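**Q** The amino acid sequence is not available; the structure is as follows:
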């Protein structure tokens, strides 16, 4: 009985050490994988941004210019209102001092 | 047939005469309005009559200032800083007119009441100076903002023209349009600066000299407005060409 217990104890320590080592190794690998995934995703994001800014910059600029054109056309209408208001208030005969 | 024609022509002539008469009457009524207003105050023989006349004049000016304030407050094309310039001016004039009304209402002699009424015109000049200047200023602020935004887009236009050229397109028309665009915006800026420089002299104490200054002020604003319209046409044309050249 004593012999059996001693034999179990002899195996237990290396077994625990092995499990711990395996757990640590797996954890490290997992973190490594996680890090790799993060790096690759941010890299791919920057690549995507880079490719989109390079590839479609002309269309983006054109779109912005079209927006400015539209906005300017709207402004022309409101500028006409401003002019009308200014024309209606040019100073009048109501300023005659009684 | 001839009788019918003669009858028609007689009726037409009568109608024309009647129309002319109506127009003439309306015209004389419009011309007589300020004179009648002036006469009604001059013919006052009691303090209350002068007070009533003055209060009506002040009320009309306060209403006109409220309208100006609303125009500035609701304007989407000017900045909050620009808006506050108009709002502060309205506020200062309204406070002054309200104080004058209080003073007028408290007068006990016709001479003092008449002096107060005179100050509605001499001190404030709401119709002759304040409203023309401030409505012009709203117009000017808005134009300044539009010009700044259009000038900011110039680099983008240059870049797109370059891209069209690199794509093998003939860009001579685009270049001519861009040149005109910049020239118009530059001219608009000059006239807007000229108009802005006149604002400090547009004060009640400079009346009646302000009448001539206001003419120059409005002429500058009109010219800059025309420049913006021309630059906007150039921009629109450039966008159409670039869309065709580069796709959208």
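**A** Thanks, I have the structure now. Treat the numbers as computed from the prediction; the structure is a model and nothing was measured.

**Q** So which elements touch the helix or strand hosting residue B:163?
**A** Taking DSSP states H and E as the definition, one finds residue B:163 inside helix B:154-166. Under the contact definition 3 or more Cβ pairs under 8 Å, 6 or more residues apart in numbering or on different chains; DSSP states H and E, helix B:154-166 sits against helix A:57-88, helix B:172-198, helix B:210-246. Just so you know, the C-beta spots here come from the backbone N, C-alpha and C atoms, and that holds for glycine as well.

**Q** and those helices, which is most packed in?
**A** helix B:210-246 (a mean of 19; mean count of other Cβ atoms under 10 Å in any protein chain shown).

**Q** Just want the angle from it to helix A:57-88.
**A** Using axes from the mean of the first three to the mean of the last three Cα atoms, to 10 degrees, the direction of helix B:210-246 lies 160 degrees away from that of helix A:57-88.

**Q** quick one on the thing from earlier: run through who's touching the helix holding residue B:163.
**A** The contact list for helix B:154-166, computed with Cβ atoms under 8 Å, 6 or more residues apart in numbering or on different chains, reads A:58, A:61-62, A:64-65, B:171, B:174-175, B:178, B:181-182, B:235, B:238, B:241-242, B:245-246.

**Q** Likewise for stretch B:206-220?
**A** Stretch B:206-220 has contacts (Cβ under 8 Å, 6+ apart) with A:86, A:90-91, A:95, B:125, B:128-129, B:132-133, B:136, B:191-192, B:194-195, B:198-199, B:201-204.

**Q** Emit the ChimeraX select command for whichever of the residues you listed are buried.
**A** With 16 or more other Cβ atoms under 10 Å in any protein chain shown as the criterion, this ChimeraX line picks the buried residues out of the contacts of stretch B:206-220:
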select /A:86,90,91,95 /B:125,128,129,132,133,136,191,192,194,195,198,199,202,204
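
**Q** Mind checking what secondary structure residue B:168 has?
**A** coil (DSSP: H, G, I helix; E, B strand; the rest coil).

**Q** Run a quick neighbour tally on it.
**A** Per other Cβ atoms under 10 Å in any protein chain shown, the neighbour tally for residue B:168 reads 8.

**Q** cool, residue B:103 as well?
**A** Per other Cβ under 10 Å, the neighbour tally for residue B:103 reads 15.

**Q** likewise residue B:42?
**A** Other residues near residue B:42 come to 11 when the count uses other Cβ under 10 Å.

**Q** remind me which residues of the chain are low pLDDT?
**A** In the absence of a named chain, chain A is used. For chain A, residues meeting the criterion pLDDT under 70 lie at A:1-56, A:92-98.

**Q** My question was about chain B, not that one.
**A** B:1-41, B:248.

**Q** Following the record's annotation, map out the domains of it.
**A** Domain assignment of chain B by automatic domain parsing yields the ranges B:44-124, B:126-248.

**Q** Now tabulate those domains in a markdown table and tack on distance to residue A:70.
**A** Formatted as a markdown table, the domains of chain B follow (distance: least, Cβ to Cβ, whole Å):
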| stretch | distance to residue A:70 |
| --- | --- |
| domain B:44-124 | 14 |
| domain B:126-248 | 9 |
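
**Q** Quick one: closest of these to residue A:80.
**A** Nearest to residue A:80 among the domains of chain B is domain B:126-248; the distance by Cβ to Cβ comes to 8.5 Å.

**Q** Look up the closest residue to residue B:194, ignoring the ones flanking it.
**A** Leaving aside its chain neighbours, residue B:194 sits nearest to residue B:220 (4.7 Å; criterion: Cβ to Cβ, 6 or more residues apart in numbering or on different chains).

**Q** what does residue B:97 give?
**A** Spatially, and ignoring its direct neighbours in sequence, residue B:97 is nearest to residue B:58 (5.1 Å; Cβ to Cβ, 6+ apart).

**Q** What residues of the helix or strand where that neighbour lies count as buried?
**A** Assigned by DSSP H and E, residue B:58 falls within helix B:47-73. Under the neighbour-count criterion of 16+ other Cβ under 10 Å, helix B:47-73 has B:47, B:50-54, B:57-58, B:61-62, B:64-65, B:68-69, B:71-72 buried.

**Q** how far off helix A:57-88 does that helix point, in degrees?
**A** Angle, helix B:47-73 to helix A:57-88, by the same axes, to 10 degrees: 170 degrees.

**Q** got the buried residues for the very next helix or strand once past helix B:47-73?
**A** Counting by DSSP H and E, the next helix or strand C-terminal to helix B:47-73 is helix B:80-105. Along helix B:80-105, these residues count as buried under the neighbour rule (16+ other Cβ under 10 Å): B:82-83, B:85-87, B:89-90, B:93-94, B:97, B:100-101, B:104.

**Q** Let me know how buried residue B:119 is, in neighbour terms.
**A** Using other Cβ under 10 Å, residue B:119 has 17 neighbouring residues.

**Q** Same check on residue B:76?
**A** Look at residue B:76: counted by other Cβ under 10 Å, it has 8 neighbours.

**Q** Residue B:89 against residue B:134, yeah?
**A** Yes - shown here, residue B:89 and residue B:134 form a contact pair, counting by Cβ atoms under 8 Å, at 5.9 Å.

**Q** re the thing from before, next, format the buried residues of helix B:80-105 as JSON lines and append distance to residue B:229.
**A** JSON lines is the format used below for the buried residues of helix B:80-105 (distance: Cβ to Cβ, whole Å):
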{"residue": "B:82", "distance to residue B:229": "21"}
{"residue": "B:83", "distance to residue B:229": "24"}
{"residue": "B:85", "distance to residue B:229": "25"}
{"residue": "B:86", "distance to residue B:229": "24"}
{"residue": "B:87", "distance to residue B:229": "28"}
{"residue": "B:89", "distance to residue B:229": "28"}
{"residue": "B:90", "distance to residue B:229": "29"}
{"residue": "B:93", "distance to residue B:229": "32"}
{"residue": "B:94", "distance to residue B:229": "35"}
{"residue": "B:97", "distance to residue B:229": "37"}
{"residue": "B:100", "distance to residue B:229": "42"}
{"residue": "B:101", "distance to residue B:229": "43"}
{"residue": "B:104", "distance to residue B:229": "46"}
